[in-house]
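S.K.: Just to be clear, the model below is a prediction. Sequence and coordinates:
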Amino acid sequence: MKHFLSLETCEHHDLVRLLDLADQMKATRGQSNLQPLQGQTWALIFSKSSTRTRVSFEVGIRELGGKVIFLAASEMQLGRGEPIKDTARVLGRMVHGAVIRTYDHQDVVDFAHYGRIPTVNALTDHAHPCQIVADLMTIRARLGGLEDKVITFVGDGACNVATSWIYAAMKFGFRLNVACPKGFAPDVDLVRQAGSNVQVTEDLKAAAEGSDVLYTDVWISMGKETESESRLAQFAGYQIDHALMDLAKPGALLMHCLPAYRGKEVTEAILEAHADTIFDQAENRLHAQKAILSWLVS
Ligand code: CP
Ligand code: NVA
């Protein structure tokens, strides 16, 4: 039984296979008769808001021949305290796979264990692996490779997206700079484990210099809303604008997992200047996740 819960537990060769398959999904969309989810029903169980992830999974599952049920966790007995392990044991007898967006990463691990059906992490507080597969696909297509690139993540270095970037750097060996304010650095043990190709700094300009990609995410992740005021103050100075992009390599990409907050982590002008990359990145969620789903049931 395969699951897709974190890049940490993925093999490099499987990730390369996923990226190749995602390229193929994109190139043959609408022309392929590949229906690996035919006869299957998948459940999407979401405890947090979503636009891209929900729509790309719903469309992707249907395009692969499957049916989909969207379940808002707040409307399930889960929301009234039914344990995740019981929810998993029930759904595991009814549906063929699950895509889960929630807070505690352990909940997706427990669901996979008790449900005994292929389970996908559609974002937890710890990791957002589907996002990073789409991002790697976008970088490969636009810059022609990954291993020799310098990628700089700017923002909350302890958030789910940054953590998944660190796992990606560990698998592919590219240089990853994490530029973040004091108090928002990634887990020290993880950075130590990653080795010298992952560097954490408070010096945004130094990190941006010579980068192939500047990447950012919201300053206030879902679940951190009570910290909004202090985060806005602490992250001021970590905004990506034209002047910062000019420090990166000529032709460098600006990437954002979205949703974007103009005037916070990015300026309106720099986001619009790089909209082609950023919305291609969003579209690639569909192709990357179709690859992940196909791989899970193969
Ligand atoms: N990037 C991303 O996961 O977007 P959604 O929150 O809209 O799904
Ligand atoms: N770090 C963000 C990612 C949103 C796609 C969050 O968790 O809200």
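M.R.: Perfect, I can see it now. This structure is a prediction, so every number in the text was calculated from the model and none was measured. Numbers count the residues shown, from 1 in each chain. Ligands and ions are numbered 1, 2, ... in the order given.
S.K.: ok, and the closest non-adjacent residue to residue 285?
M.R.: In this structure, residue 285 finds its nearest non-sequential neighbour in residue 56, 4.2 Å apart by C-beta to C-beta, 6 or more residues apart in numbering. Placement of C-beta: from N, CA and C, glycine included.
S.K.: Contacts only, for the residue of the stretch 151-298 of the chain found nearest ligand 1.
M.R.: Using C-beta to the nearest ligand atom, residue 257 is the residue of the stretch 151-298 of the chain that sits closest to ligand 1, at 4.1 Å. Taking C-beta atoms under 8 Å, 6 or more residues apart in numbering, we find residue 257 in contact with 128, 131, 135, 161, 215, 217, 281.
S.K.: Quick check, pLDDT for the second one.
M.R.: Right, the one you point to is residue 131. Per-residue pLDDT puts residue 131 at 99.
S.K.: Now it: phi and psi?
M.R.: phi -60, psi -40 (degrees, to the nearest 10).
S.K.: heads up, I number from 218, so please use that
M.R.: That works, and once the first residue is 218, the last one we named lands at residue 348.
S.K.: That one reaches residue 378, doesn't it?
M.R.: Yes. Assessed by C-beta atoms under 8 Å, residue 348 is found in contact with residue 378 at 6.1 Å.
S.K.: one step back: go through the contacts of residue 474 and flag which are in helices.
M.R.: Of the contacts of residue 474, the ones assigned to helices by DSSP state H are 348, 352, 378, 498.
S.K.: how close does the first one sit to residue 284?
M.R.: Read it as residue 348. Look at residue 348 and residue 284: by C-beta to C-beta, to the nearest Å, they are 25 Å apart.
S.K.: neighbour-wise, which of the two wins?
M.R.: Using other C-beta atoms under 10 Å as the criterion, residue 348 and residue 284 rank with residue 348 on top: 26 against 14.
S.K.: Show the contacting residues for the more buried one.
M.R.: 270, 340, 378, 381, 474, 502.
S.K.: Recalculate using a threshold of 7 Å.
M.R.: 378, 381, 474 (C-beta atoms under 7 Å, 6 or more residues apart in numbering).
S.K.: now residue 473
M.R.: By C-beta under 7 Å, 6+ apart, the neighbours of residue 473 are 433, 483, 488, 495.
S.K.: just to revisit the earlier point, and the contacts of residue 348, which is closest to residue 321?
M.R.: residue 381 (16.3 Å; C-beta to C-beta).
S.K.: Secondary structure class of that closest one, three-state.
M.R.: Assigned by DSSP: H, G, I helix; E, B strand; the rest coil, the conformation of residue 381 is helix.
S.K.: what's the neighbour count on it?
M.R.: 25.
S.K.: Please name the residues that touch the nearest residue to it once chain neighbours are set aside.
M.R.: Leaving aside its sequence neighbours, residue 381 sits nearest to residue 349 (C-beta to C-beta, 6+ apart; 4.4 Å). Residue 349 sits next to 224, 381-382, 385 when contact means C-beta under 7 Å, 6+ apart.
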